[in-house]
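Q: what follows is a predicted protein model with its sequence.
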Amino acid sequence: MSAVNAPSPGGWREWLMSDRPQSRRQAALGRAYGGWRTFSRNRLAMLGLAIVIALLLVALFANQLAPYSPYIGDLRTTRLLPPSAAHWFGTDDQGRDILSRIIHGSRITLFVVVLVAILAAPIGLVVGTVAGYSGGLIDAALMRITDIFLAFPRLILALAFVAALGPGIENAVIAIAITSWPPYARIARAETLTIRQADYIAAVQLMGASPWRIVLRHIMPLCVSSVIVRVTLDMAGIILTAAGLGFLGLGAQPPTPEWGAMIANGRLYVLDQWWVAAAPGAAIFLVSLAFNLLGDGLRDALDPKGVK
Amino acid sequence: MNGPSVADMLVVDDLRVAFPNREGGMTEAVRGVSFRLGRERLGIVGESGSGKSQTGRAILGLTAPEGRVTANRMEFDGIDLLHSSARQRRALRGGRIAMVLQDPKFSLNPVMSIGDQIVETLDAHARVSRREARDRALETLRQVQIDNPERVFDLYPHEVSGGMGQRAMIAMMLIADPDLLIADEPTSALDVTVQLQLLAILDRLVTDRGMGLVFISHDLRLVSTFCDRILVMYAGKVVEELSAGGLQDAQHPYTRGLVNCLPRLGEHRHPLPTLDRRPEWAL
Amino acid sequence: MTIAEQTRGGGRRSARLLRGADTVGRFLLVIFLTYLGLLAVTFFIGRVIPIDPVLAVVGDRAPEHVIQRVREEMGLNKPLWEQFFIYCRKVLQGDFGTSVLTSNPVMQDIRRAFPATIELATLGTIMGAGLGVPLGVWAAVRRGGVADQLVRVMGLIGYSVPIFWLGLMGLLVFYARLGWVGGPGRIDVAYEYSLTPVTGFMLLDTAIAGEWEAFGNAFSHLILPASLLGYFSLAYISRMTRSFMLNELNQEYVIAARAKGLTETRIIWRHALRNAMVPLVTVIALSYAGLLEGSVLTETVFAWPGLGLYITNSLQNADMNAVLGGTIVVGSIFIGLNLLSDILYRLLDPRTKTR
Ligand SMILES: Nc1ncnc2c1ncn2[C@@H]1O[C@H](COP(=O)(O)OP(=O)(O)OP(=O)(O)O)[C@@H](O)[C@H]1O
Ligand SMILES: [Mg+2]
């Protein structure tokens, strides 16, 4: 950044909150800062953010944090032990430490969430922006398809997909992604319809930009933020669906420490050794809750008109 | 009919209505309005946002919950409105004090037939049979110049025109024979002939039944021909009180500006006069 | 549905399928296209994705001559579009093929399992709507009050907790520890064989037979899973009711109703709620659909012999005919619910009718 508009130390806040930004960058940063101020006043949203960050750290340092191996237990001495100082969350039927398995399971949860977002959001973005920008028959056809998908039972459709593709975490991710893009397409289309009217789009059109270029370079970037908010709001749903697939034996396969599959395993012992199923379920709950709080906070910060 | 103060049906002294603003403080939308009303026609004029509607709503106790209403005195027929219970005020509303709301398009419940909405007012204030209620509703509809009340009775708000909706709204508020009617721009969606007929009805209610009428409008000419007295509001304050026909005696520069903007027959105007607004008037 | 869109939940799936259809012809066209879409997707899943659809149907342990026979039965040597055409015709006749697991026609299995699922989902929705609507209204009227907080917390939990886990924990506490409710299954084995199914609904069947002891037993089995579903439905419906009511209470006609001197009770229930009911009908229909869909998880936990458990068992045994049959049935119900909610919407909102 040039020295001209570099703020003096301590003047950062004024610079960010300036009513007359000197550059696009300052305006963008200022807007982000304003959003952050709204967001950070929301205590629950901050709590959600903290938990999500903690999840990231746990996943990153799983090897260091886990006290035992997530895969190998001692069948003779540590089978189905209740929670204790040595095993905080107890051990499972294979004698494995449940805490260690949950710590390693965070990686799978993150893997699923990130991959579904990476797959589904772009599909929704492309379908929505293309439909919104083209209008006419293409719009009608694409939106009809979207509505049809929206009217389907998503979980059951995902189940059927996995049944055909074969069980496994990757296939579960594909199935969830295939069934979760339609809302993103709807949002992207709504945004596109408003952006399309803007003068600068007319200006780029006059300059002879191709429709693809306009959609990719000028419209899509503007739709991204609302889609991101929506994806964050959906994260909890994605986690729950993935866990449900795991629970039904269609997601991650043993001995992978996937939380849903761990509950399925614990189900066999739930009446006597409740901790085997209790701990992974609590982990799912906590992480979903965090994403929900985070998503609500993001929505409120980015969309002041939103229902509160 | 400028009777002595004992005959005053409505007394309002230093009425203030404030709403919370973004900065966390309160902004006053009505800033010290005072007037007395007997069995007469009082006009309130002023530009958009000057606080006319909020004044009317405060009298009925319809200010939005986040708003704050204060006054030195606010009495209706000897009843202290400031200190009466919610229940007492509700009993007055629609029965003894009625208010025709400004926008008929949004003021009618979209999923209820017009007839049901009119009958409902009567049900809330009088013990009447269904038959009788219906008859009275039809009669009131006829009274507000609706030609085929039986048909309109069963229509839903989206099925009638704006003017028809406005008349239905007026019927809804007149059916329980109120002593005081606050009419917030009741004729804005009506064409001139219907407008005159309706004013004649309101006029008869005042002279024959002794109803008090507060007539809110931003049409200075209409108000000056129809009302006994006129309050001119600007930025939440009454800047001037005029008697009927006393338009030419207006003192306040804002009112004089308004009067000057009224077109007159046989007069050439070039350039068109514009309204002057000075921040110091709002002080 | 804009509010529903903004408030999460309604956005999960919105019943806008038929909103644009203004004539009967377009209405039917949309239904037809949606159903065609459902068939296309299931066809794709069943016949296109698997490398060898025959193996997917008969399993890989089947002898060679069975594989050959099935291959011909399925018409796999014909072109794809013709296969799809045959597939559609069969499905429309209610022929989903034979289940490998039970060796019954899939349709017959589904018909037997169906009442159990409907019983559960219906009871859950009745609980959810019966409590959720008043609670949501209360929350909107007293913002920041007890009900408002309750709706908020229940919503957060409802959107975050895995339903199958909550069911397991419920079984642990209320069945194993406290003994307040019956365990998994619809009724104790002791009663099961003395009962002749008439309607397929346990509560009705036992009541018709006058077996009150069995009725009580069936009820004790039903109450926990039904309450669980009721909770999820309640969380969703109360949240949506609150947001619709807040919107209505801000409307000018509410002020007009006050100006008429109506009581708050009447304004809230007869004016505002009556308006809020228009979008709420869709929400309740969606909630019912959600419970049907969620049955795959709840029924597994409670060993509840319904459609969900049937689908799950078939999934675990790679019984594709049964899985696809179940998917089509649930999908058809979804389409039916969309249709129903749209009809109710039109009935409730006079603005959709033109005279
Ligand atoms: N709920 C509210 N919160 C904050 N401010 C409000 C609220 N209701 C009204 N106001 C403010 O009160 C002021 C007066 O409004 P009012 O409706 O009385 O104007 P008016 O004179 O009737 O105008 P018009 O001729 O357009 O009807 C306006 O500036 C408005 O912004
Ligand atoms: Mg007004």
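A: It's in. Ligands and ions are numbered 1, 2, ... in the order given.
Q: can you count the residues close to residue 109?
A: Went with chain A since none was named. The number of residues packed near A:Thr109 is 25, by other CB atoms under 10 Å in any protein chain shown. Just so you know, the C-beta spots here come from the backbone N, C-alpha and C atoms, and that holds for glycine as well.
Q: sorry, should have said chain C
A: C:Asp109 is flanked by 24 other residues according to other CB under 10 Å.
Q: does whichever strand or helix holds it reach chain B?
A: Applying DSSP states H and E as the criterion places C:Asp109 in helix C:106-141. No - Helix C:106-141 is not in contact with chain B by CB under 8 Å from any CB of the partner chain; minimum separation 10.8 Å.
Q: against which helices or strands is that helix packed?
A: For helix C:106-141, the elements it packs on are helix C:146-160, helix C:202-209, helix C:212-249, helix C:273-301, helix C:307-316, helix C:320-348, judged by 3 or more CB pairs under 8 Å, 6 or more residues apart in numbering or on different chains; DSSP states H and E.
Q: not counting sequence-adjacent ones, nearest residue to C:Phe302?
A: Ranked by CB to CB, 6 or more residues apart in numbering or on different chains and with sequence neighbours excluded, the top spatial neighbour of C:Phe302 is C:Pro225, at 4.7 Å.
Q: hang on, I meant C:Leu246
A: In space, and not counting its chain neighbours, C:Leu246 is closest to C:Ala140: 4.8 Å by CB to CB, 6+ apart.
Q: and if you look at C:Asp205?
A: C:Val198 (5.3 Å).
Q: what does C:Asn77 give?
A: Nearest residue to C:Asn77, sequence neighbours excluded (CB to CB, 6+ apart): C:Arg71, at 7.3 Å.
Q: can you give me the strands for chain B?
A: Read by DSSP state E, chain B holds these strands, from start to end of the chain: B:10-20, B:26-37, B:41-46, B:68-70, B:73-76, B:79-80, B:97-100, B:180-184, B:212-217, B:229-234, B:237-243.
Q: can you say which of these is packed in most?
A: Mean neighbours per residue, mean count of other CB atoms under 10 Å in any protein chain shown, is largest over those for strand B:97-100, with a mean of 28.
Q: do that strand and ligand 1 come into contact?
A: No - under the criterion of CB under 6 Å from any ligand atom, strand B:97-100 makes no contact with ligand 1; the nearest approach is 12.2 Å.
Q: other residues contacting that strand?
A: Contacts of strand B:97-100 with the rest of the structure, by CB atoms under 8 Å, 6 or more residues apart in numbering or on different chains, involve B:56-57, B:59-60, B:62, B:76, B:93, B:166, B:169-170, B:173-174, B:176, B:178-184, B:186, C:259-260.
Q: surely C:Trp304 is in a helix?
A: No - C:Trp304 is assigned coil when assessed by DSSP: H, G, I helix; E, B strand; the rest coil, not a helix.
Q: what about A:Asp272, neighbour count?
A: 10.
Q: what's the separation between it and chain C?
A: When distance is defined by CB to the nearest CB, to the nearest Å, A:Asp272 is 8 Å away from chain C.
Q: C:Val323 touches A:Ala163, doesn't it?
A: Yes - the pair C:Val323 and A:Ala163 qualifies as a contact (CB atoms under 8 Å) at a distance of 5.0 Å.
Q: tell me the angle the helix or strand hosting A:Thr146 makes with helix C:320-348.
A: Secondary structure assigned from DSSP H and E places A:Thr146 in helix A:136-150. Relative orientation of helix A:136-150 with respect to helix C:320-348: 110 degrees, computed using axes from the mean of the first three to the mean of the last three CA atoms, to 10 degrees.
Q: how about helix A:136-150: buried residues?
A: Judged by neighbour count (16 or more other CB atoms under 10 Å in any protein chain shown), helix A:136-150 contains these buried residues: A:139, A:142-150.
Q: ligand 1 next: which of those are close?
A: Applying CB under 6 Å from any ligand atom to these, none is adjacent to ligand 1.
Q: check these against ligand 2, which are close?
A: On the criterion CB under 5 Å from the ion, none of the entries of these sits beside ligand 2.
Q: so who does the nearest residue to B:Val238 once chain neighbours are set aside touch?
A: Residue nearest to B:Val238 in three dimensions, not counting chain neighbours: B:Leu231, with 4.9 Å by CB to CB, 6+ apart. B:Leu231 makes contacts with B:33, B:35, B:42-45, B:238, B:240-241, as judged by CB under 8 Å, 6+ apart.
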